[in-house]
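Participant: need coordinates for the below:
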Amino acid sequence: MAELIINNIGKLYRPREGEVEVFENASVRIEGGVFSDISERPLTPATDAAKVLDAGGMVAIPGIVDPHTHAVFAGDRTDELLMKLKGLSYLEILSSGGGIAKTLRETRAASREYLKNLLRERIGEFMRWGVTTLEVKSGYGMDRDTEVKQLQAALEVETLSDVVTTFLGAHIIPPEYSDKREEYVSFLTDVMIPYVAERGLARFVDVFCDRGVYTLEEAEEILRAGKRHGLLLKIHSDELENLGATRMAAELGATSADHLLLSEEEDLQAMAEHGTVPVLLPGTVFTTFLPHYPDARRMLDAGLPVALATDFNPNCPLQNPFFVAQLAVFKMRMMPEDVLKALTVNAAKAIAEPQRGMVEEGLPADLVLLEVKSFTEALYRLGYDPIRVVVKGGKVVRRWVNGAR
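Facilitator: Predicted structure coming up:
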């Protein structure tokens, strides 16, 4: 891969877990797909084959990491927007056969190749918004063939992005098991989790533990099975009701706990004690008409490495991380420095990808150039698209000039 130099970066933001360092008038050199030199002076090419890009004073941030998506699914749920506007709740739509159950039916009917093509387009849209690494969950099959089909599509899709897969067979209780929950939980723990783990189909196992979905006891049984088979743990928790799932998952060593609208002080303490990353999904609050947002400030004050994600799914068709970031600022009062870490280094930690989300020598060269004077301006300008250049693994994969895309 040819050497790439980017000079004349107005501000280069270098988030780390505890701080954000800013280089003024910065330059970066990329060789072999990794950052090899980061400087506050112009850099010169080492060879005639090098490519040199003038950033024109733009801001640079690491490639964005999205640690929570449900991007492999068929169909959509446009019709449910009208149901929400008429006052139906998430659980009311689900119990009527809509919601996850509707997407389950459509995804079961889709071929792996069809799902792969949909996912390729969606990952391309994520990349267009500066997302260079993302997590992708299964969970719209809840039978062996469809869950495997989803995970294989995510692993096989041809894309420059890095994709981390999560097995979410415990998304809801599938309709055919509505009166035999124990049998389905046993199917997950005794059949699906061993199958997924042995074939390397997923890095994580996840459970939706909340009112109307999985009980605390069921979720713990599923997570323990995943842990026995070498999978890392995630949990959907404290979204509709606090069942104690966040504490339980943290005590089992979960990498992340996600949603957390109703988390309490002991939940935050458990996450801090066991190194569990809180992943907040304000876009879901927005699209589901929920009454309040997670208390991000309390989590930050507790020293937790808060991460942000889109939760892209048919209920939250959101792929723009800057909209998520603006919700974090205007609805959760997160400071710009905290938002930047939440989109990058902390988000990478939430999917066990510690080499992502930073600009450091020797790390993969994922970078986004923004046409603003500061990262704060990108949050301040509502509806503005600041992205001009996306670099993935040292390759310029997206570039917009004079408004052309």
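Participant: low-confidence ranges, the protein, go.
Facilitator: Residues of the chain that meet the criterion pLDDT under 70 lie in 401-405.
Participant: next SSE after the strand or helix carrying Val196?
Facilitator: Of the helices and strands defined by DSSP states H and E, Val196 is found in helix 193-198. Using DSSP H and E, the next helix or strand after helix 193-198 towards the C-terminus is strand 204-207.
Participant: can I get the CA coordinates of that next one in PDB?
Facilitator: Output for strand 204-207, consisting of C-alpha atoms alone and laid out as PDB, is shown next (Å, rounded to 0.1, in the frame of the first residue of the first chain):
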ATOM      1  CA  PHE A 204     -20.100 -11.900  21.800                       C
ATOM      2  CA  VAL A 205     -23.400 -13.200  23.100                       C
ATOM      3  CA  ASP A 206     -26.100 -10.800  24.000                       C
ATOM      4  CA  VAL A 207     -29.500 -10.900  25.800                       C
END
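Participant: which parts of the helix or strand just after it are buried?
Facilitator: Of the helices and strands lying after strand 204-207 in sequence (DSSP H and E), the nearest is helix 216-228. Of the residues in helix 216-228, those scored as buried under the neighbour-count criterion (16 or more other C-beta atoms under 10 Å) are Leu216, Glu218, Ala219, Glu220, Glu221, Ile222, Leu223, Ala225, Gly226, Lys227. All C-beta atoms are positioned from the backbone trio N, CA, C, and that covers glycine.
Participant: and helix 216-228, C-alpha only, in PDB?
Facilitator: Taking only C-alpha atoms (Å, rounded to 0.1, in the frame of the first residue of the first chain), the coordinates of helix 216-228 have been written out as PDB:
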ATOM      1  CA  LEU A 216     -33.100 -12.000  35.000                       C
ATOM      2  CA  GLU A 217     -32.800 -15.700  35.600                       C
ATOM      3  CA  GLU A 218     -33.100 -16.600  31.900                       C
ATOM      4  CA  ALA A 219     -30.600 -13.900  30.900                       C
ATOM      5  CA  GLU A 220     -28.100 -15.100  33.500                       C
ATOM      6  CA  GLU A 221     -28.400 -18.700  32.300                       C
ATOM      7  CA  ILE A 222     -27.800 -17.600  28.700                       C
ATOM      8  CA  LEU A 223     -24.800 -15.400  29.500                       C
ATOM      9  CA  ARG A 224     -23.200 -18.100  31.700                       C
ATOM     10  CA  ALA A 225     -23.500 -20.500  28.800                       C
ATOM     11  CA  GLY A 226     -21.900 -18.000  26.500                       C
ATOM     12  CA  LYS A 227     -19.000 -17.500  28.900                       C
ATOM     13  CA  ARG A 228     -18.500 -21.300  29.300                       C
END
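Participant: which residues does that helix contact?
Facilitator: Contacts to helix 216-228, defined as C-beta atoms under 8 Å, 6 or more residues apart in numbering, come from residues 167, 170, 181, 185, 188-190, 193, 197, 204-205, 207, 209, 214, 232-233, 235, 243-245, 248-249, 252-254.
Participant: which of those residues are buried?
Facilitator: Neighbour-count burial (16+ other C-beta under 10 Å) is assigned, among those, to 167, 170, 185, 188-189, 193, 197, 204-205, 207, 209, 214, 232-233, 235, 243-245, 248-249, 252, 254.
Participant: quick one: secondary structure of the residue lying farthest from the centre of the chain?
Facilitator: In the chain, counting by C-alpha atoms, centre = their mean, Asp48 sits farthest out from the average C-alpha position, at 38.8 Å. Taking DSSP: H, G, I helix; E, B strand; the rest coil as the rule, one finds Asp48 in the coil state.
Participant: can you give me phi and psi for it?
Facilitator: When read as degrees, to the nearest 10, the backbone of Asp48 gives phi -70, psi -20.
Participant: contacts for the helix or strand in which Ala347 is found next, please.
Facilitator: Element membership of Ala347, judged by DSSP H and E, is helix 345-350. Helix 345-350 is touched from outside by 15-17, 62, 64-68, 133, 135, 255-256, 277, 279, 305-309, 354-358, with contacts defined as C-beta under 8 Å, 6+ apart.
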